[in-house]
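Chemist: pasting the sequence and the predicted coordinates here, then a few questions.
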Amino acid sequence: MQAPLALPRQPLQPTLHFVAASRSDGGMSERPHSTPSTPAGKQLRPAHARIVGAAVTPMLRYLGKLRNRMYEVGFRPTDPLMGVVEKAYDALHHLSVLLHYQSCDKKR
């Protein structure tokens with residue numbers, strides 16, 4: 001039996017970008033957020049991208065079902081909670097697409 005693949009343990013460089021944050025008055029504001037990014041020219045190996053993608057898929061399905069259910073029960077598109085769910089779904093979908101393309105073998 002093969003041992004499961006582990007993600008690389010090299011340190012990641014932080015990148016500063018802005019994310020939406022809820023304000024106490026119910027509105028949204030932009031706040032800086034630091035996230036790791038891979039060094040220039042580095043990518044996940046295809047096998048690692050498949051592992052991460054497999055973990056992301058159930059979360060994406062959940063958010064999709066939550067979003068659809070919120071529309072079914074009458075949440076308005078302008079509702080702050082609906083906006084956060086939409087952004088979370090869109091971000092996770094974007095991540096899943098990137099992971100899918102990194103999981104493809106480029107030797108074909």
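Modeler: Yep, that arrived.
Chemist: can you give me the strands for the protein?
Modeler: Secondary structure of the chain by DSSP state E: the strands cover 13-22, 28-37.
Chemist: so what's the spatially closest residue to Phe75 that is not a sequence neighbour up against?
Modeler: Spatial nearest neighbour of Phe75, chain neighbours left out: Met82 (4.7 Å); criterion: CB to CB, 6 or more residues apart in numbering. Where C-beta positions appear, they are placed from N, C-alpha and C, glycine not excepted. Each residue near Met82 by CB atoms under 8 Å, 6 or more residues apart in numbering is listed here: 67, 70-71, 75-76.
Chemist: reformat these as a markdown table; add pLDDT, neighbour count and distance to His93.
Modeler: Rendered in a markdown table, the data for these read as follows (pLDDT from 0 to 100; neighbours: other CB atoms under 10 Å; distance: CB to CB, whole Å):
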| residue | pLDDT | neighbour count | distance to His93 |
| --- | --- | --- | --- |
| Arg67 | 96 | 17 | 11 |
| Met70 | 96 | 17 | 16 |
| Tyr71 | 95 | 13 | 16 |
| Phe75 | 95 | 15 | 19 |
| Arg76 | 94 | 9 | 22 |
